[in-house]
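> Let me see the structure of the following:
(4 chains)
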Protein chains: 2
Amino acid sequence: MKISLNHKSPIPLHIQAEELLRKMIKDPQFQNGKLLPNEIDLAKQLAISRTTLRQALNKLVYEGLLIRKKGVGTKVADAMISSKSANWLSFSQEMKARGIPIKNFELHVSWIYPEEIIANFFNIKTDQKILKLERLRGRPEGPFVYFVSYFHPRTGLTGEEDFKRPLYDILEADYNIITELSKEEISAKAADKFIAAKLETEPGSPILFRKRFVYDQAERPVEYNLGYYKADSFVYSVESRRG
Amino acid sequence: MKISLNHKSPIPLHIQAEELLRKMIKDPQFQNGKLLPNEIDLAKQLAISRTTLRQALNKLVYEGLLIRKKGVGTKVADAMISSKSANWLSFSQEMKARGIPIKNFELHVSWIYPEEIIANFFNIKTDQKILKLERLRGRPEGPFVYFVSYFHPRTGLTGEEDFKRPLYDILEADYNIITELSKEEISAKAADKFIAAKLETEPGSPILFRKRFVYDQAERPVEYNLGYYKADSFVYSVESRRG
DNA sequence: AATATTAATATGTACAAACATATTAAAACA
DNA sequence: TGTTTTAATATGTTTGTACATATTAATATT
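The predicted structure is shown next:
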């Protein structure tokens, strides 16, 4: 494993160190309770201060991935079961995994000036056009989900891509954007006229609304995604353990 | 509010600062997006270094209770967003941490013969009575969530417990049941007549429905819980990383 | 040989200082 | 007056340093 950081990169060192630690955690070399290198040595090896390294370590300790013990050292926490991997499946892959036949009803690409919330998330100005992708998908009998995605200009997407391919495949294979982190907010709301029309239901009918914020390995924003699911068409499942 | 720390105490200063910040979060003075005092002033006031104060702030930011913005300041996060690390907190503790006053509208305990689904989950026969707990809770202005819980006989709960105490406290302190794993399924549905009446809304209005399966350390089923949240009263937030 | 002491090791706590960057408000300019 | 520039403010990043404390291993003592 490459154990060094890029000191010239604009990506903060503690973020780089965090990424490296995440990789180390996955390395069998450090599994089964074996200790990581101690803070002082590792900091020296990465050519950063112990404080900066601890900033990275702390985050993983908060997340329960590392366990520190005074006077002993730092080890990787016992593996835990989580729905994380399932969470990462894209819509099409998710449905495929469940054996549900998927029909694409609409697919619309456009370049738009972002609303303030989105520009804010992407950390860009509202006068810079970004790619917007709208999709209406569902079963052969009818649509059950309406997606709206916005992409950061950094992705390099042109809008000419074949969006029938899984999105994260396109980003990774063609644009070398490796998505790593996703934050989601799930709530219920009533369908407005627009959404109701798309999903072929009545205004006011219940909708599962999912906001999704997707980041790359350096925690830079990549995608802002909104999903409107017809009630009873989708169940979001989460598995969590006590931290 | 007393804004000072005990420098002679054996309790670390960053822990004391964290406790103080938790109190500040509950203070109406800092609600509604008002900013906390800035780091440098607050550190000076507490007679600790900025680094130490940030140690405390970081923890609350990670828990989703505080939001920091460069160049602007630090504010208390909007309520109703259940944060990732707080996932495990019970309803009452979550609200308490945010200083939201909670009113218990109804609390009803009964012994019932379980439906097949529940008996199946608990791995018992349908002719064995189990404890059912119904709760209607919300803000002083009105209820926004209706819970139904079923408990495995193994828990030892009698129904005479003081359910105003946090549930997981009762289980752990009084019955030595340590809950460890929780599986949740979140979906949207329309309120039926019964739920609509409880939540003081119209039948057909959108509801965020959460099924929760709780297990102990040996992964034995402990609780089967259903939650009906009024739309817009609750946002479920999840953070996941590519596994 | 059993026990107490000491040393080595690793994390925990805490401070001071400097510079970077985002945001907003005030001042200067056209 | 409207726009640009500048300054003030607040958080973000990073280093260096020092001492405290828990744990374990090595050493000395009884």
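> From here on, just use CA atoms for contacts and neighbour counts.
OK.
> Tell me which residue of chain A is positioned farthest from its centroid.
Most distant residue from the mean C-alpha position of chain A: residue A:71, 36.1 Å away (C-alpha atoms, centre = their mean).
> and that one, backbone torsions?
Main-chain dihedrals, residue A:71, degrees, to the nearest 10: phi 80, psi -10.
> For it, give its distance to DNA strand D.
As judged by C-alpha to the nearest atom of the strand, to the nearest Å, residue A:71 and DNA strand D stand 3 Å apart.
> show me the contacts for that residue.
With C-alpha atoms under 8 Å, 6 or more residues apart in numbering or on different chains as the criterion, no residue contacts residue A:71.
> quick one: low-confidence parts of chain A?
Along chain A, segments meeting pLDDT under 70 span A:78-89, A:94, A:96-99, A:241-243.
> Just list whatever residues bridge to the residue nearest the centre of it.
Closest residue to the average C-alpha location of chain A: residue A:182 at 2.5 Å, with C-alpha atoms, centre = their mean. With DSSP bridges as the criterion, residue A:182 is bridged to residue A:214, residue B:240.
> Settle this for me: it is touching residue B:237, isn't it.
No: assessed by C-alpha atoms under 8 Å, residue A:182 is found out of contact with residue B:237, at 10.6 Å.
> Tell me which stretches of chain A form helices.
Here chain A has its helices, by DSSP state H, at A:13-26, A:39-46, A:50-62, A:84-88, A:91-98, A:116-122, A:167-169, A:175, A:193-198.
> For residue B:139, which of those helices is the nearest?
helix A:116-122 (28.8 Å; C-alpha to C-alpha).
> Could I have the CA atoms of that closest one written out in CSV?
The C-alpha trace of helix A:116-122 is given here as CSV (Å, rounded to 0.1, in the frame of the first residue of the first chain):
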residue,chain,number,x,y,z
GLU,A,116,-29.3,28.8,-4.8
ILE,A,117,-29.5,25.7,-2.6
ILE,A,118,-27.9,23.6,-5.3
ALA,A,119,-25.2,26.2,-6.2
ASN,A,120,-24.5,26.3,-2.5
PHE,A,121,-24.1,22.6,-2.2
PHE,A,122,-21.8,22.5,-5.2
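> Is any residue of that helix near DNA strand D?
No: using C-alpha under 7 Å from any atom of the strand, helix A:116-122 stays clear of DNA strand D, with a minimum separation of 14.1 Å.
> which other helices and strands contact that helix?
Using 3 or more C-alpha pairs under 8 Å, 6 or more residues apart in numbering or on different chains; DSSP states H and E, the elements in contact with helix A:116-122 are strand A:221-230.
> sorry, back to before: output the helices of chain A in TSV, with mean neighbour count appended to each entry.
What follows is the helices of chain A, written out as TSV (neighbours: other C-alpha atoms under 10 Å in any protein chain shown):
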stretch	mean neighbour count
helix A:13-26	18
helix A:39-46	15
helix A:50-62	18
helix A:84-88	17
helix A:91-98	14
helix A:116-122	16
helix A:167-169	15
helix A:175	14
helix A:193-198	16
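> wait, which of the ones you listed is closest to DNA strand C?
Nearest to DNA strand C, of all the helices of chain A, is helix A:39-46, at 3.8 Å by C-alpha to the nearest atom of the strand.
> quick one: the closest one to helix A:50-62, angle?
Per axes from the mean of the first three to the mean of the last three C-alpha atoms, to 10 degrees, the angle that helix A:39-46 makes with helix A:50-62 is 110 degrees.
> Give me the residues contacting helix A:39-46.
If you take C-alpha under 8 Å, 6+ apart as the criterion, helix A:39-46 is touched by A:3-5, A:49-50, A:53-54.
> tell me the contacts of residue A:6?
Per C-alpha under 8 Å, 6+ apart, neighbours of residue A:6: A:13, A:16.
> Residue A:209 against residue A:190, yeah?
No: using C-alpha under 8 Å, residue A:209 is not in contact with residue A:190, being 9.3 Å away.
> Could you give the bridge partners of residue A:136?
residue A:106, residue A:146.
> mind listing what it touches?
Applying C-alpha under 8 Å, 6+ apart to residue A:136 gives the contacts A:104-107, A:143-147, A:198.
> Output those in CSV, with distance to residue A:126 appended to each entry.
CSV is the format used below for these (distance: C-alpha to C-alpha, whole Å):
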residue, distance to residue A:126
A:104, 30
A:105, 30
A:106, 27
A:107, 24
A:143, 32
A:144, 31
A:145, 28
A:146, 24
A:147, 22
A:198, 27
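> doesn't residue A:229 make contact with residue A:148?
No: using C-alpha under 8 Å, residue A:148 is not in contact with residue A:229; the gap is 11.8 Å.
> For the two, indicate the residue with more neighbours.
Counted by other C-alpha atoms under 10 Å in any protein chain shown, residue A:148 and residue A:229 do not tie: residue A:229 has more neighbours, with 27 against 17.
> now the more buried one, which residues is it bridged with?
Residues in beta-bridge contact with residue A:229 (DSSP bridges): residue A:145, residue A:208.
> which of the contacts of helix A:39-46 lies closest to chain B?
residue A:54 (11.2 Å; C-alpha to the nearest C-alpha).
> Quick check: the gap between the closest residue to that closest one other than its chain neighbours and residue A:63.
Distances taken as C-alpha to C-alpha, 6 or more residues apart in numbering or on different chains put residue A:39 closest to residue A:54, at 7.5 Å, once the chain neighbours are dropped. Here residue A:39 is placed at a distance of 18 Å from residue A:63 (C-alpha to C-alpha, to the nearest Å).
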